[in-house]
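[1] Predicted model and sequence follow; I will ask about them next.
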Amino acid sequence: MNNVIIITGGTSGYGYAAAKKFADAGERVIAVARNAEALEKTKETLGVDIFSADVTKEEDWNSLYKYVAEKYGRIDLLLNNAGGAVTLTPFLEQTSEQISYSIDFNLTSAMWGCKAFAPMMIDQKSGTIINIASVCANHAWPAYSVYAAAKAGLLNFSKSLYVELREFGIRVSCLIPAAGDTPFCINAGGGPNPVMMKAPDFAQAIFDVFNLPPHIVVENMTVWGIDQEVVPL
């Protein structure tokens, strides 16, 4: 059986790399994003299914659930990858809108996804949820305060959700990437981030965690590029 895999933020960065990794392995991948043009390009390039949704909106998650339930009838992996810094700005300089959106984008969106699809996994008595946090959840750098708070929330949400779903045979993991060569900094208004860890490197970690025996769960795992020196608070 080919697994059914939902990947949010599936048109760029870690999400695109993960979509490629799973598609190359013969899995049935649904890449989820807002940008219709990017979705079509991803579909053409990788041969995956696509769905346009704003992950910060619960109603879009409900629409995605309906689509998956009708077309596939199951889900094996929900990869909550969508997220971003929104803005790399000191906390006191951020607007109320930026603060609210950063929390919605990096934390609440994954909660909506789990709320939508965990019941299907409970009915199946199987399934894996992998939430993508950030090393900012555990370490401190200037201008990352709101993003870090949201990712720390995602890390602890993942741990709490696992203890609630474990009895149904469902695994919940939180993967914690360090700096990667993705559009993350550019999307937040900065420059490119030329580091050793590439998107396919982290996609391999996601793939490996999912493919562990179904009775084995990784609570959380941090993935660093060996070139990244870390001297945080």
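    Great, that's in hand.
[2] Name the residue closest to the centre of this structure, please.
    Residue closest to the average C-alpha location in the chain (C-alpha atoms, centre = their mean): residue 81, at 1.3 Å.
[3] Verify the contact between residue 117 and residue 67 for me.
    No. Counting by C-beta atoms under 8 Å, residue 67 is not a contact partner of residue 117; they are 11.7 Å apart. C-beta here means a position set from N, CA and C on the backbone, and glycine is covered the same way.
[4] of the two, who's got more company?
    A count of neighbours by other C-beta atoms under 10 Å puts residue 117 above the other of residue 117 and residue 67, at 22 against 14.
[5] Mean confidence (pLDDT) on the helix or strand containing the more buried one, please.
    With secondary structure defined by DSSP states H and E, residue 117 is part of helix 109-124. Mean pLDDT, computed over helix 109-124, is 98.
[6] Report the distance from the helix or strand just after that helix to the chain centre.
    On the C-terminal side of helix 109-124, the closest following helix or strand by DSSP H and E is strand 127-132. When distances are taken as C-alpha atoms, centre = their mean, to the nearest Å, strand 127-132 is centred 8 Å away from the chain's centroid.
[7] which residues touch strand 127-132?
    Judged by C-beta atoms under 8 Å, 6 or more residues apart in numbering, the contacts made with strand 127-132 from elsewhere in the structure are 14, 75-81, 83, 110, 114, 117-118, 120-121, 154-155, 157-158, 161, 165, 169-175, 177, 206, 209-210.
[8] can you pull the contacts of the residue nearest to the centre of the chain?
    Counting by C-beta under 8 Å, 6+ apart, residue 81 touches 7-10, 14-15, 18, 132.
[9] Narrow the residues you listed to those in strands?
    7-8, 132 (DSSP state E).
[10] Mind putting those into a markdown table with neighbour count?
    Below are those laid out as a markdown table (neighbours: other C-beta atoms under 10 Å):
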| residue | neighbour count |
| --- | --- |
| 7 | 31 |
| 8 | 25 |
| 132 | 27 |
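[11] phi, psi of the residue lying closest to residue 87 once chain neighbours are set aside?
    When the adjacent residues along the chain are set aside, residue 87 lies closest to residue 98, with 5.2 Å between them (C-beta to C-beta, 6 or more residues apart in numbering). Per-residue torsions, residue 98: phi -60, psi -40 (degrees, to the nearest 10).
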